[in-house]
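Q: With the input below, show me the fold.
(one chain, ligands or ions: 1)
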Amino acid sequence: MMLFIPWTARAEPEQLFLPREFIRLIHARRSPEDTMRLLAPLREHYHPKIQARRGEGPSRKGPCPCGSGEKYKRCCGKTA
Ligand SMILES: [Zn+2]
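A: Numbers count the residues shown, from 1 in each chain. The predicted model follows:
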């Protein structure tokens, strides 16, 4: 759960109320890649503008502007 500290520090209260199923998946699968995959739908839901701006903004190899610590291309800039 250490990966969540930067995110939770910035999160709005409603973002901290995660579905039970979501939390269960997080605990069951601990690799960063799996975690980011699980978070991607949440990010799209709460930060649609980041998705909409694909192609004009940050470097794909640079850190993601959402603060996840992942490279942009592996986080909000993921194409697949
Ligand atoms: Zn991101």
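
Q: what about the longest helix in this protein?
A: Longest helix in the chain by number of residues, with DSSP state H as the criterion: helix 32-46.

Q: now for it, which elements pack on it?
A: When contacts are defined as 3 or more CB pairs under 8 Å, 6 or more residues apart in numbering; DSSP states H and E, helix 32-46 packs onto helix 20-28, helix 48-52. Where you see a C-beta, it was placed from the backbone N, CA and C, and this is true even at glycine.

Q: hey, least reliable of those by pLDDT?
A: Lowest mean pLDDT of the helices and strands packed on helix 32-46: helix 48-52, a mean of 56.

Q: which sections of this structure are below the confidence cut-off?
A: Within the chain, the ranges that satisfy pLDDT under 70 run 1-9, 11-18, 22-23, 25-30, 47-58, 80.

Q: what does it put close to the ion?
A: Within the chain, the positions adjacent to the ion are 64, 66, 68, 75, 76 by CB under 5 Å from the ion.
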